[in-house]
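*Asks:* Okay, predicted coordinates and the sequence, questions at the end:
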Amino acid sequence: MPAKRIIPCLDVKDGRTVKGINFEGLADVGDPVELGARYASAGADELVYLDISASKEGRHTFTELVGRIAARINIPFTVGGGISSVEDAARLLDAGADKITINSAAVANPDLITQISSRYGRQFVVVAIDAKLVDGTWRVTTHGGSRLTGLELFAWAREVEKRGAGEIMFTSMDHDGTRHGYPCETFARLCDSLSIPVIASGGAGSAEDIADVLSKGKADAALAASIFHYCEITIPELKEKLHEAGISVRR
Amino acid sequence: MIAVIDYDMGNIRSLGYALQRLGADWKLTSDASEILSASHVILPGVGNAAEAMNNLKRLHLPELIWKIRRPVLGICVGMQVMCRHSEEGDAECMGIFDAKVKRFKETTGVKVPNMGWSPLANMESKLFKGIKSGEYAYFVHSYYAPLCPDTIATSRHPDLFSASLKYENFYGCQFHPEKSGEAGERILDNFLKF
């Protein structure tokens, strides 16, 4: 079994790193390349860069940025945000991304997963799933949790795996931004039902939350943003705590 | 000059950037004289082993690679096609390393592909100079070379497999040194110093 991975997530708008706190009050926390290099040398196992630019210029800036990240960073990195076609994925692969993540576009067009995976390999495709609990059922949402779909989390996750996703990144929209931890039972059920790795996203408020989702929740990796960006805990400190909790991590 | 063999197998951009970070002068090529005159040769590879062998054969590269007397490094599928055979597409491979590549079995708790950081052990080569046992490397693969006389480093998933192989001037890494942080850069740098 590979070590459990710790993945800082960097939101990028117009070439600059930002982090939404409950999707409001964006604060600039620096240059994406420098911040990523800092995380890599601190022991991050991978990085995720999400482009939250809405404009065409922003997208162009992001592609250029991906090239600069690839030139500098010596660990794997995933990019996402606004990928809705095989061409978008190809452009980011050519710029040097190791993986891409798709979310709403996969829901709108599930065949996109199949197309990208069959052309560039399973290891290149991370499908992000946002869901929330509605009347006892985990329903898949899109557009940052604002739109409810007819899909059920576990069925959708299995379809995503069957279509060729290499990993699933699951966010509970009920927990995202709350910093009160992850729904570990749901994660454990999801991990048990799949044979591809699951990345836990959204909800980490402390090292204990991350330890819980990697042990009780059986997740293969944990993605976090604000607890790193605001230096509440450093990656070496987090990994030390996970190691003390008996979790296998790269140190 | 370092020749990175061009045979239409996957994205070599991150390898190129890693070589650039190490200050190496490299070129992507499938030209026989360039490959034979290079100080070091790297055979990268992402994708399917059978397709990789077909591409190599189409470019008459297997027999050329056998002739290289300078250090050669196969990475991931590049290493696998330097073995005798691969279960992936039942491919007859180059036969430089004495191993038959097999697929990992999906069992409880064992995910395929093996993706992520795993520790290296049993390192027996200058390729790993300065790398301590237990150092992690980044792996992404569904097929593996079992342990064999050419094994110079091991890893587990969950059983032992060859993380690295060596036969005379030929080296192979199942992991991606270009994505394995500072340890990976050290390993690449050790190779470039051969």
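*Replies:* That came through, no problem.
*Asks:* okay, CA-based contacts and neighbour counts for the rest of this
*Replies:* Fine.
*Asks:* Confirm for me that A:Met173 is in contact with A:Asp130.
*Replies:* Yes. Applying Cα atoms under 8 Å, one finds A:Met173 in contact with A:Asp130, separated by 6.2 Å.
*Asks:* So the two - more neighbours on which side?
*Replies:* A:Asp130 (26 against 21; other Cα atoms under 10 Å in any protein chain shown).
*Asks:* where does the residue nearest to that one when sequence neighbours are not counted fall, helix, sheet strand or coil?
*Replies:* Take A:Asp130 and drop its neighbours on the chain: the residue closest to it by Cα to Cα, 6 or more residues apart in numbering or on different chains is A:Thr171, 4.8 Å away. Three-state assignment for A:Thr171 (DSSP: H, G, I helix; E, B strand; the rest coil): strand.
*Asks:* what number of residues lie near A:Thr171?
*Replies:* Counted by other Cα under 10 Å, the residues lying close to A:Thr171 total 24.
*Asks:* Could you pull up the residues touching A:Arg182?
*Replies:* For the record, residue A:182 is Tyr, not Arg. Listed by Cα atoms under 8 Å, 6 or more residues apart in numbering or on different chains, the contact set of A:Tyr182 reads A:172, A:175, A:200, A:202-204, A:209, A:213.
*Asks:* do stretch B:127-142 and chain A meet at all?
*Replies:* Yes. Under the criterion of Cα under 8 Å from any Cα of the partner chain, chain A is reached by stretch B:127-142 at B:136, B:140.
*Asks:* what does that stretch contact?
*Replies:* A:123, A:250, B:76, B:103-104, B:112-123, B:174-177, B:179-181, B:183-184, B:186-188, B:190-191.
*Asks:* what's the residue nearest to A:Asp130 in contact with, if anything?
*Replies:* A:128-131, A:200-202.
*Asks:* So in terms of bridging, what pairs with it?
*Replies:* Beta-bridge partners for A:Thr171, by DSSP bridges, are A:Asp130, A:Ser201.
*Asks:* now what about stretch A:93-104, what contacts it?
*Replies:* Contacting residues not belonging to stretch A:93-104 are listed as A:63-64, A:66-67, A:70, A:76-84, A:89, A:92, A:123-130, A:142-143, B:11, B:13-14 [Cα under 8 Å, 6+ apart].
*Asks:* repeat that for 6 Å
*Replies:* With contact meaning Cα atoms under 6 Å, 6 or more residues apart in numbering or on different chains, stretch A:93-104 is reached by A:66-67, A:70, A:76-80, A:124-128, A:142, B:13.
*Asks:* Could you dump the contacts of A:Tyr182 into a markdown table and include pLDDT, neighbour count and distance to chain B?
*Replies:* Shown next, in a markdown table, are the contacts of A:Tyr182 (pLDDT from 0 to 100; neighbours: other Cα atoms under 10 Å in any protein chain shown; distance: Cα to the nearest Cα, whole Å):
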| residue | pLDDT | neighbour count | distance to chain B |
| --- | --- | --- | --- |
| A:Ser172 | 96 | 25 | 23 |
| A:His175 | 92 | 18 | 26 |
| A:Ala200 | 97 | 30 | 15 |
| A:Gly202 | 89 | 26 | 21 |
| A:Gly203 | 86 | 24 | 23 |
| A:Ala204 | 88 | 27 | 21 |
| A:Asp209 | 95 | 19 | 21 |
| A:Val213 | 97 | 26 | 16 |
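*Asks:* farthest pair in those?
*Replies:* The two members of those with the most space between them (Cα to Cα) are A:Ser172 and A:Asp209, at 13.9 Å.
*Asks:* Out of the contacts of stretch A:93-104, which is nearest to B:Val41?
*Replies:* Nearest member of these to B:Val41, counting by Cα to Cα, is B:Arg13, at 16.0 Å.
*Asks:* quick one: that closest one from chain A, how far?
*Replies:* With distances taken as Cα to the nearest Cα, to the nearest Å, B:Arg13 is found 6 Å from chain A.
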